[in-house]
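Peer 1: Need a 3D model of the sequence below.
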Amino acid sequence: MSPVAEIAILAALWCAAHSVLITPRVTAYARRRFGALFAWYRLLYNLFSLVSLLPLLLCLRHAEAHTLFTWAQPWILVSWFAIAAAVYLLAAGARVHDNAHFFGFSQIAAQRHGREDAVQPFHTRGILARVRHPYYSAGMLLMIFAGDITDVNLAVRIVFLVYLIVGAMLEEKKLLAEFGDVYVRYRGKVPMFVPKVGRRGTGDEGRGTGDGGRGRGTGDEGRGSRE
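Peer 2: Numbering: from 1, shown residues only. Have a look, this model is predicted:
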């Protein structure tokens, strides 16, 4: 098997594990199995995702790669603009998403103080009034425009792009099931990946329940609700 195929399989396995471990079925089982200790699940999940990514990064670093495309003038300007847009989307998303839930700190704090983890409301403030999935959008921009494209990292880019698109679609299904007509109206006003410019299309919808830090199956954008 070629190094490119091996690395692509590693990337696909990481994506699959990252998704499966946060599905409602798996988290519901973990909640029943571990009881109060389930409060640590989100934090451990994030740590596992980070550590399990290291073998893939090492393979990418040491694999013999052949450059397919370099961002030379004038295309380097397009690359810089796209990377800047990705950084903006990540920063704007971090301002409106529940980052304490995303990393798992809120769940642990609630368990330590002997209280139920708070249900977070669904909302559409800030960047969420312009694009529904800013983290996914940022990830796609980085996959396409960050760094030179080689035969090795092209395979990983394709795997992660598919992963982000499929994950966003699954997240849409989950949000529709949780919030119903509220999300239908929101989806009708705000684009999925490409932020709209000009006047904001929606305000704070502000309601809902769910699964804290927004365990979304992939990107986990953390729009509210409880894990």
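Peer 1: what kind of secondary structure is Gly198 in?
Peer 2: Following DSSP: H, G, I helix; E, B strand; the rest coil, we place Gly198 in the coil state.
Peer 1: where's it relative to Gly188, distance?
Peer 2: Remark: distance between Gly198 and Gly188 (Cβ to Cβ, to the nearest Å) = 17 Å. Just so you know, the C-beta spots here come from the backbone N, C-alpha and C atoms, and that holds for glycine as well.
Peer 1: For the residue of the chain positioned farthest from its centre, give me phi and psi.
Peer 2: Outermost residue of the chain with respect to the C-alpha centroid, by Cα atoms, centre = their mean, is Gln73; its distance is 31.4 Å. Taking degrees, to the nearest 10, you get phi -60, psi 140 for the backbone angles of Gln73.
Peer 1: Just want to check the distance between it and Ser79.
Peer 2: Per Cβ to Cβ, Gln73 is found 11 Å from Ser79.
Peer 1: List the buried residues in the longest helix along the chain.
Peer 2: Longest helix in the chain by number of residues (criterion: DSSP state H): helix 151-179. Judged by neighbour count (16 or more other Cβ atoms under 10 Å), helix 151-179 contains these buried residues: 152-153, 155-157, 159-160, 163-164, 167-168, 171-172, 174-175, 178-179.
Peer 1: counting contacts, what elements does the next helix or strand along the chain from that helix pack onto?
Peer 2: Next along the chain after helix 151-179, taking DSSP states H and E as the criterion, comes helix 181-189. Helices and strands touching helix 181-189, by 3 or more Cβ pairs under 8 Å, 6 or more residues apart in numbering; DSSP states H and E, are helix 151-179.
Peer 1: where does this structure have low pLDDT?
Peer 2: Within the chain, the stretches with pLDDT under 70 are 116-121, 199-227.
Peer 1: residues contacting the residue farthest from the centre of the chain?
Peer 2: Going by Cβ atoms under 8 Å, 6 or more residues apart in numbering, Gln73 touches no other residue.
Peer 1: circling back to that earlier point, higher neighbour count, Gly198 and Gly188?
Peer 2: For Gly198 and Gly188, the more surrounded residue by other Cβ atoms under 10 Å is Gly188, and the numbers stand at 9 against 6.
Peer 1: quick one: the more buried one from Thr23, how far?
Peer 2: Distance from Gly188 to Thr23, counting by Cβ to Cβ: 27 Å.
Peer 1: Can you identify each of the helices in this structure by residue range?
Peer 2: Remark: helices assigned in the chain by DSSP H are 3-20, 24-34, 41-62, 75-96, 99-103, 105-112, 134-145, 151-179, 181-189.
Peer 1: hey, C-alpha coordinates of the shortest one in PDB?
Peer 2: Going back to what we said before, that points to helix 99-103. Presented in PDB, the C-alpha positions along helix 99-103 are these (Å, rounded to 0.1, in the frame of the first residue of the first chain):
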ATOM      1  CA  ASN A  99     -16.500  27.200  25.000                       C
ATOM      2  CA  ALA A 100     -16.700  26.000  28.600                       C
ATOM      3  CA  HIS A 101     -19.100  23.300  27.500                       C
ATOM      4  CA  PHE A 102     -17.100  22.600  24.300                       C
ATOM      5  CA  PHE A 103     -14.000  21.800  26.300                       C
END
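Peer 1: Cool, thanks, talk later.
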